[in-house]
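Chemist: this one's structure only:
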């Protein structure tokens, strides 16, 4: 539930973890709808012009020295927690321009209109650009969501990074994974807490630059291990 359902417009914050996304971050920020109240780019040890380009595009830029997608997200959450003004909805998306930022309005609509707690942008294969997801990503998504259906009767079909959640529910999840397990941890905790959720089909394109996870053998292996570890951990709780 939104912090203040009587407020005319919800307060929406976007968190974008970024590691060497100088060529794409400006495009991401430019395409985000004007309804967003604050865009928070968390620089995760970039060695290029990511910080400069994000600042020039009007984002709040934070720095997280501990490497890892989850660490960057946690930095953004902590920043929002310190603010005096209540935040209603937090949206996460990647800084590589693989998501379509303008689809944020679709992602948050079920929260505003139907009081849904959590919405994930499902990278529908019919809307996905050829080559946008590597075979190991497609298999990993299938395996993870299959296991969630098997153990938790979940309806998830994707672990997509483009997602929105009410801020109070996000805090209640007590997120902790510092790296590759962040997305699946969130979905597992949504299931365990019994929060309402829905998937919205979204478009997905080839990212700008090389993926730090699926683009490397090491990244793919560690991501797979993290995902399976979280699922098995929660299956036997």
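Modeler: Looks like it arrived, so ask away. Remember, it's a predicted structure, so these values are computed and weren't measured experimentally. Numbers count the residues shown, from 1 in each chain.

Chemist: hey, which helix or strand in the chain has the poorest pLDDT?
Modeler: helix 217-235 (a mean of 69; mean pLDDT, DSSP states H and E).

Chemist: Need the three-state assignment for residue 29.
Modeler: helix (DSSP: H, G, I helix; E, B strand; the rest coil).

Chemist: who's in contact with the closest residue in space to it that isn't next to it in sequence?
Modeler: Ranked by C-beta to C-beta, 6 or more residues apart in numbering and with sequence neighbours excluded, the top spatial neighbour of residue 29 is residue 57, at 4.0 Å. Yep, even glycine has a C-beta here, placed from its N, CA and C like the rest. Residue 57 makes contacts with 25, 26, 29, 30, as judged by C-beta atoms under 8 Å, 6 or more residues apart in numbering.

Chemist: Where do the strands of the protein begin and end?
Modeler: 12-18, 38-43, 60-63, 89-92, 118-128, 163-166, 197-204 (DSSP state E).

Chemist: ok so, going back, for the residue nearest to residue 29, phi and psi?
Modeler: phi -90, psi 0 (degrees, to the nearest 10).

Chemist: same check, this time on residue 86
Modeler: According to degrees, to the nearest 10, residue 86 has phi -60, psi 140.

Chemist: Which pLDDT value belongs to it?
Modeler: The score at residue 86 is 91. That number is its pLDDT.

Chemist: That one and residue 117: what is the separation?
Modeler: 16 Å (C-beta to C-beta, to the nearest Å).

Chemist: More neighbours: these two, which one.
Modeler: residue 117 (21 against 14; other C-beta atoms under 10 Å).

Chemist: burial count for the spatially closest residue to the more buried one that is not a sequence neighbour?
Modeler: Leaving aside its sequence neighbours, residue 117 sits nearest to residue 195 (C-beta to C-beta, 6+ apart; 4.0 Å). Number of residues near residue 195 (other C-beta under 10 Å) recorded here: 16.

Chemist: Might one say that residue 195 is in contact with residue 115?
Modeler: No: contact between residue 195 and residue 115 fails when scored by C-beta atoms under 8 Å: they sit 11.1 Å apart.

Chemist: shaky segments in the chain?
Modeler: Applying pLDDT under 70 to the chain flags residues 1, 3-7, 210-223, 235-237.

Chemist: Next up, the contacts around residue 201.
Modeler: Per C-beta under 8 Å, 6+ apart, neighbours of residue 201: 121, 122, 124, 126, 127.

Chemist: Going by neighbour count, which of these are buried?
Modeler: Among those, those classed as buried by 16 or more other C-beta atoms under 10 Å are 121, 122, 124.

Chemist: Look up how far residue 8 lies from the second one.
Modeler: Distance, residue 122 to residue 8, by C-beta to C-beta: 30 Å.
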